[in-house]
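Undergrad: next one to model:
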Amino acid sequence: MFAAHHLEILGGFHPQPDEEGFPPGTQTLLLLGPKEPGFWAHIQAQADWTHPDPIDDWSRRTIGRIACDMGAKAIFPFGGPPYHPFYRWALRSGRVWESPVKLLVHSDQGLLVSFRGALALKTRVEIPPPLPRPCDTCPAPCLTACPAAALGATGYDVPACHKWLDDKGSACLSGGCLTRRACPASHAYARLEVQSAYHMGRFHKTG
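TA: Residues are numbered from 1 along each chain as shown. As a prediction, the model looks like this:
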């Protein structure tokens with residue numbers, strides 16, 4: 001079901017009974033994101049690609065349909081404010097952690113992890129046990145990779161990032177965030193530089 005849309009489950013967890021912030025009766029929350037290789041070519045071939053917000057529109061349509069087929073509720077990280085707390089939810093999955101630069105890092109996708117939506121299920125689905133946090137044995141090249149010093153141990157200085165992109169950021173705009181790319185866990189993920197460049201360009205344009 002997910003593979004046909006080049007999506008995969010990036011993690012999940014079981015909310016507490018009657019926990020606020022979830023659709024009534026939610027027993028399992030599954031976090032969905034792009035599956036590479038193939039996602040970028042797939043989404044560019046969809047009719048949504050001609051829309052002003054093609055990836056969000058595709059996510060609403062595709063994950064919404066999957067949710068209907070599963071009798072679940074689709075939830076998205078966009079469309080606010082208010083926004084659903086995907087950062088906090090991801091940390092509960094045992095597959096995603098806070099990195100040394102405060103960005104989320106995934107066990108398989110590194111700092112290139114992104115979420116297109118979530119499924120709130122009314123059934124309890126088995127969740128795999130937590131994995132070791134990759135950052136615990138990593139020399140943390142992410143801490144020194146940003147040429148603007150906009151990403152570090154204190155988090156993300158967004159204005160500094162935009163200023164660098166305006167003045168000297170051609171490498172970041174053409175290949176994506178250097179900090180995200182420096183993560184060793186990111187190296188094993190088959191995300192194309194052109195996709196990272198697209199997202200960086202959108203971020204800088206709408207910043």
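Undergrad: so where does R124 fall, helix or strand?
TA: R124 belongs to no helix or strand when assigned by DSSP states H and E.
Undergrad: thought it was touching L29?
TA: No: with contact defined as CB atoms under 8 Å, R124 does not count as touching L29 (11.1 Å). Where you see a C-beta, it was placed from the backbone N, CA and C, and this is true even at glycine.
Undergrad: now do the helices in this protein.
TA: Taking DSSP state H, the helices of the chain run over residues 39-44, 54-70, 86-91, 158-167, 170-175, 178-182, 184-187, 193-206.
Undergrad: ok, which of these comes nearest V105?
TA: helix 184-187 (6.3 Å; CB to CB).
Undergrad: give me the buried stretch members for stretch 118-129, please.
TA: Neighbour counts over stretch 118-129 (16 or more other CB atoms under 10 Å) mark A118, L119, A120, L121, I127 as buried.
Undergrad: average pLDDT for it, rounded please.
TA: Here stretch 118-129 scores 97 as its mean pLDDT.
Undergrad: same check on stretch 32-41?
TA: On average, the pLDDT along stretch 32-41 is 96.
Undergrad: now the end-to-end length of that stretch.
TA: Using CA to CA, to the nearest Å, the end-to-end distance of stretch 32-41 comes to 18 Å.
Undergrad: can you give me the buried ones in that stretch?
TA: Across stretch 32-41, burial judged by 16+ other CB under 10 Å covers L32, G33, P34, K35, E36, F39, W40.
Undergrad: and what of stretch 156-172?
TA: For stretch 156-172, burial by neighbour count (16+ other CB under 10 Å) applies to D157, C161, H162, W164, L165, G169, C172.
Undergrad: look at the residue nearest to F78 when sequence neighbours are not counted and report its pLDDT.
TA: The shortest distance from F78 to any non-neighbouring residue, by CB to CB, 6 or more residues apart in numbering, is to D56 (5.1 Å). Per-residue pLDDT puts D56 at 98.
Undergrad: fine, thanks again, bye for now.
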